[in-house]
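Peer 1: Based on what follows, work out the 3D shape:
(chains A, B, C and D)
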There are 2 protein chains.
Amino acid sequence: MLLNERKFKILQAIVSDYIETAEPIGSRTIAKKYELGISSATIRNEMSDLEDMGLISQLHTSSGRVPSEKGYRFYVDSMMQSRALTSDEAMFLQQMLIENIYQAEYMMRETAKALARLTKYPAIVSEPFLKKTTIKHIQLVPLDEKSLLLVLVTDTKTVKNQVVNLNTAPNYETLTKLSAQLNTHLAGLSIREINRQLIDKMLMQFGEHAHVLMPVLGIIADMIQSEDDVRVFTSGVKNILAFPEFSDKTKAEAIFNALEDRASLFEILGQPLASPQGIQIIIGAENHLDLLKACSLIKANYTIDNQSTGCIALIGPMRMDYAQAVSVVSGILQSIQNVIKALGGTQ
Amino acid sequence: MLLNERKFKILQAIVSDYIETAEPIGSRTIAKKYELGISSATIRNEMSDLEDMGLISQLHTSSGRVPSEKGYRFYVDSMMQSRALTSDEAMFLQQMLIENIYQAEYMMRETAKALARLTKYPAIVSEPFLKKTTIKHIQLVPLDEKSLLLVLVTDTKTVKNQVVNLNTAPNYETLTKLSAQLNTHLAGLSIREINRQLIDKMLMQFGEHAHVLMPVLGIIADMIQSEDDVRVFTSGVKNILAFPEFSDKTKAEAIFNALEDRASLFEILGQPLASPQGIQIIIGAENHLDLLKACSLIKANYTIDNQSTGCIALIGPMRMDYAQAVSVVSGILQSIQNVIKALGGTQ
DNA sequence: TGTTAGCACTCACGCGTTACGAGTGCTAAC
DNA sequence: GTTAGCACTCGTAACGCGTGAGTGCTAACA
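Peer 2: Coordinates of the predicted model:
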C-alpha cells in the first residue's frame, strides 16, 4: 500500500494521537494540533480516502476517526519510529542485572516484573521449553524405600524435580552409581538425541537396575517434552484495568481469564514466530485466541546457542504504544541473553 | 452481646440477605420475605435498636440497612450455620485427590485453583514455611568448575534448589562424599536444631572441604529462613471483578496490588493465628493491611506433625459467604492433610 | 484542478427536571 | 407492646434539551 506524504502524515497523526488519548480524533483537531499547513476541510477529504482504504474507521457517523487493525499494521510496518531506551529505563534494567541472579526461575520472575513495570502492560515470561535445550546434569536422590527424586539440570541451569515411585528404590550407593552412568550417557544431549538405540545400549549396561532406568527415562522424556512443567510467569495483569477500552467488566475478565489459564498462555506463547529471531507484533484478530482478539501482542524469543527456546511477551490494547513496548522488549531481551551467557559460565 | 430472639432473627435476615444480594435491606422487605410474624413497623423499631448497638448501619437516611463489621463479626461468631460440603463440592475435591499428586508444588497450585473454583473468591496457598519443617535429604550436584547445585528435600517432599558459587568446586566423587556426610549430620533436623556446636563438629570432620561447607550451610539456613524462596500460589484473582462492591476501579486495583505483591501476600498469610489449629475469619479492618481493609479473609494453616507450617486463605468482600467459604476451606484442609500424609509415605 | 470556507446535519454527552419507589421516623389508635 | 398511617428523605431512572465536536457536500477561489 502506498500513501502520498500528506495521507501518511495524517494517518500518523491519527494513530499516535489515538495511542495517547484513546479518543477518536477529528479533522479540526488534527489541523490545530499538528501543523500540516492544510485546512481541516482538506484533512477531511484525505481522511475520507483513508477510510475507503480501510486504514481508519468511525464508530458512528459524525464521530472522529479511529485506526483500524489494518491501520495499526501499516503504522507498525511503515511508520513506527524505533526509539532508544530512556535513561530511566536503561538504569532500571541495569539495576535488575546487578542484583544477584543465580537461577533461571528468579530471573524469569524478575524479568516479567520489569517488563510490566516499564511498560504498564501485562507481561508474560516463559521458562525455556526443554525440548530445545540440552541436559547438563542428572541426579537421583534417595527419598524412601519406595521412591526417589530425579533432579534434572539443563544447560540454562533451569532445575526440574520429579518424584519417581518404584516398587523398591535402590540404596544411596547404587543411586550414586546410576547417576554417574546416566550422566555419562545423557549429559550434553537434547531430547531429540535420546533415541531407541541409545536406550537399548544403556539398558544393557544397567543390568540388574534396568527396572529403575525405564521409569526414569520415561520421566525425563516427559519432563522435557510436556509443557506441563514449564513455568510461566505473569506480572502486572492488573494493569489492563487502567485502559478505558477494558473498563467494561466482561472485556477485562476475558483478558484475566486468558492470563490465568495455562492452556491459553501456552497458546499465546506457542504460536510459531514469523521471524523467530526478532520481535513479533501481533495486532488484534491476527492472534487466534478469541479471548484476546481486542488486544495486541508483542513477542520475542530468547535464544540459547541460536536455538529458539523461551518466550517473553507483552499484552496491551490495540492502541498500545508499540514503539515503547518494542524498545523495552528488545532491551530486556538483550539483558536476558547476557544473563544466560553468564549462567552458562565456563561450560 | 445478647440479643432477644426477634432481634437475632432480624439481624440474621439482614446479614444473609445482604450476603446474597449486596443491596441494603429495609423493614418492609424483611417483613415480606421472611415470615417473622411481625409487621414492618415493629421490624423498624428493632432495626433502630440494632443500629444503636452498632450491628447494622445506613448508607444515608432513608436507605435500607447494611451489616457493619461488628454485625458480621456477631454473625460469624454466633449465628453462622456451618454447612457440609455439597456433593458437587465433595466430588470435585475427591477428583482432585485422585489425580496423581506427586509433588508439593503441583498440589499447591491445584489447591489454589480448587479453592477459587469452588468459592468464586480469590485464593492464596503458600508452600510450607521451611523454618517449621525438617530436612529430609541434601544433595550436592556438580555444575561446572566454579559452581554446584544444592538440592534440599524437606519432610513434605518440597524441593528447593540453589546454585552455589565457589572459587573451585569439588569434583563429582567429592561432592558425593560431602553429600553423604551432610545427610548424616543434618537429615531429620529442623533449622532450629542446626546450632553452632553442630556446625563446629561438622567443620572438624570436613577437613580440607571446609571451604565448601560454610557457604553451603549458609545457603541452607537462608533457604530455610527466608520467605523469599517460599512459593505462594494465587488463583481466581479476577473473581473480585464480579462483586459490585469492587466495581469501582480503584477498589479493584487495591486488591490486585495486594495479591500481586509478594510482600503483602506474606503480610496476609503471616499474621499470627488466634487459633492456630482452626480456621480464622478476619473481617474488614481487623486485618491490618490497608489495601484489603474492605475485604474479609478466611485463613487456615495446614500442619505437619502438629506443627503449623503452610497457609491457605480466601479473600472476599466483607459480605462474603462465610458459611460456604469456611466449609470449603475446611474440606480442602483435610484433603491437603491427607495428601501430606501420603507424601510422607513410609518415612 | 486542488484547496478552502461555509453550511446543514448527526450524534454522544452532560445537565437539570421530574416521577417513582424504597426506605425511614413519628404519632396515634388498638 | 404492636401496628397502621402519614409525611418526609433520598437515590435512581427517564426524559428533554442544549452544546460541541464531528461529518459530508457545495460553491467559490487560486
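
Peer 1: Let me see the confidence value for residue A:251.
Peer 2: Residue A:251 is assigned 90 on the pLDDT scale.

Peer 1: list the buried ones in whichever helix or strand residue A:206 is part of?
Peer 2: According to DSSP states H and E, residue A:206 maps onto helix A:196-206. Residues A:202, A:206 are the ones in helix A:196-206 that count as buried (16 or more other C-beta atoms under 10 Å in any protein chain shown). C-beta: built from backbone N, CA, C; applies to glycine.

Peer 1: Pretty sure residue A:124 sits in a strand.
Peer 2: Yes: counting by DSSP: H, G, I helix; E, B strand; the rest coil, residue A:124 falls inside a strand.

Peer 1: Tell me the residues of chain A that contact DNA strand C?
Peer 2: Residues of chain A lying close to DNA strand C (C-beta under 7 Å from any atom of the strand) are A:37, A:38, A:39, A:41, A:42, A:45, A:59, A:60, A:61, A:62, A:63.

Peer 1: now, among these, which is nearest to chain B?
Peer 2: Taking C-beta to the nearest C-beta as the measure, chain B lies nearest residue A:59 of those, at 22.4 Å.

Peer 1: Next up, the contacts around that closest one.
Peer 2: By C-beta atoms under 8 Å, 6 or more residues apart in numbering or on different chains, the residues touching residue A:59 are A:24, A:66.

Peer 1: Quick check: the gap between it and residue A:18.
Peer 2: Residue A:59 sits 12 Å away from residue A:18, going by C-beta to C-beta, to the nearest Å.

Peer 1: Need the overlap of contacts for those two.
Peer 2: With C-beta under 8 Å, 6+ apart as the test, residue A:59 and residue A:18 both reach A:24, A:66.

Peer 1: Leaving out chain neighbours, which residue sits closest to residue A:28?
Peer 2: Computed as C-beta to C-beta, 6 or more residues apart in numbering or on different chains, the closest residue to residue A:28 that is not its neighbour in sequence is residue A:40, at 4.5 Å.

Peer 1: give the contact list for that neighbour.
Peer 2: Listed by C-beta under 8 Å, 6+ apart, the contact set of residue A:40 reads A:27, A:28, A:30, A:31.

Peer 1: Looking at the residues you listed, which two lie furthest apart in space?
Peer 2: Farthest pair in these (C-beta to C-beta) is A:28 and A:30. Separation: 7.3 Å.

Peer 1: wouldn't residue A:235 be in contact with residue A:113 here?
Peer 2: Yes: judged on C-beta atoms under 8 Å, residue A:235 makes contact with residue A:113 at a distance of 4.7 Å.

Peer 1: Which residues are in contact with the residue of chain A found nearest DNA strand D?
Peer 2: Per C-beta to the nearest atom of the strand, residue A:26 is where chain A lies closest to DNA strand D, at 2.2 Å. Residue A:26 sits next to A:64, A:65 when contact means C-beta under 8 Å, 6+ apart.

Peer 1: before we move on, back to that, by contact count, what packs against the helix holding residue A:206?
Peer 2: Packing partners of helix A:196-206 (3 or more C-beta pairs under 8 Å, 6 or more residues apart in numbering or on different chains; DSSP states H and E): helix A:172-186, helix A:210-225.

Peer 1: switch to 6 Å and redo it
Peer 2: Taking 3 or more C-beta pairs under 6 Å, 6 or more residues apart in numbering or on different chains; DSSP states H and E as contact, there are no helices or strands that helix A:196-206 lies on.

Peer 1: to the chain's geometric centre, what's the distance from that helix?
Peer 2: 38 Å (C-alpha atoms, centre = their mean, to the nearest Å).

Peer 1: and it with helix A:172-186, angle?
Peer 2: Going by axes from the mean of the first three to the mean of the last three C-alpha atoms, to 10 degrees, helix A:196-206 is angled at 150 degrees with respect to helix A:172-186.

Peer 1: Export helix A:196-206 to PDB, keeping only CA atoms.
Peer 2: Extracted C-alpha coordinates of helix A:196-206, given in PDB (Å, rounded to 0.1, in the frame of the first residue of the first chain):
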ATOM      1  CA  ARG A 196      15.900 -46.200  20.900                       C
ATOM      2  CA  GLN A 197      19.400 -47.200  20.100                       C
ATOM      3  CA  LEU A 198      20.900 -45.200  23.000                       C
ATOM      4  CA  ILE A 199      18.300 -46.500  25.400                       C
ATOM      5  CA  ASP A 200      19.000 -50.100  24.400                       C
ATOM      6  CA  LYS A 201      22.700 -49.600  24.900                       C
ATOM      7  CA  MET A 202      22.000 -48.100  28.400                       C
ATOM      8  CA  LEU A 203      19.700 -50.900  29.400                       C
ATOM      9  CA  MET A 204      22.400 -53.400  28.600                       C
ATOM     10  CA  GLN A 205      24.900 -51.600  30.900                       C
ATOM     11  CA  PHE A 206      22.400 -51.000  33.700                       C
END
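
Peer 1: The closest residue to residue A:203 other than its chain neighbours: neighbour count?
Peer 2: Once flanking residues are discounted, residue A:203 sits nearest to residue A:210: 5.2 Å by C-beta to C-beta, 6+ apart. As a burial measure, residue A:210 scores 12 neighbours (other C-beta atoms under 10 Å in any protein chain shown).

Peer 1: From residue A:179, how far off is residue A:210?
Peer 2: Residue A:210 is 16 Å from residue A:179, where distance means C-beta to C-beta.

Peer 1: do residue A:288 as well
Peer 2: 44 Å.

Peer 1: Those two - which one has more neighbours?
Peer 2: Per other C-beta under 10 Å, whichever of residue A:288 and residue A:179 has more neighbours is residue A:179, with 22 against 11.

Peer 1: where exactly do the helices run in chain A?
Peer 2: Secondary structure of chain A (DSSP state H): helices located at A:5-21, A:27-33, A:40-52, A:69-74, A:87-98, A:104-119, A:172-186, A:196-206, A:210-225, A:249-260, A:262-270, A:322-344.

Peer 1: Which among those is found nearest to residue B:296?
Peer 2: helix A:249-260 (21.5 Å).

Peer 1: quick check: angle from that closest one to helix B:104-119?
Peer 2: For helix A:249-260 against helix B:104-119, the angle by the same axes, to 10 degrees is 160 degrees.

Peer 1: Extract the CA atoms of helix A:249-260 and return them as PDB.
Peer 2: What follows is helix A:249-260, C-alpha atoms only, in PDB (Å, rounded to 0.1, in the frame of the first residue of the first chain):
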ATOM      1  CA  LYS A 249     -16.100  -5.700  33.100                       C
ATOM      2  CA  THR A 250     -16.600  -8.500  30.700                       C
ATOM      3  CA  LYS A 251     -13.800  -7.300  28.500                       C
ATOM      4  CA  ALA A 252     -11.400  -7.100  31.400                       C
ATOM      5  CA  GLU A 253     -12.500 -10.500  32.500                       C
ATOM      6  CA  ALA A 254     -11.700 -12.100  29.200                       C
ATOM      7  CA  ILE A 255      -8.100 -11.000  29.500                       C
ATOM      8  CA  PHE A 256      -7.800 -12.100  33.100                       C
ATOM      9  CA  ASN A 257      -9.100 -15.500  32.000                       C
ATOM     10  CA  ALA A 258      -6.600 -15.700  29.300                       C
ATOM     11  CA  LEU A 259      -3.800 -14.800  31.500                       C
ATOM     12  CA  GLU A 260      -4.700 -17.000  34.400                       C
END
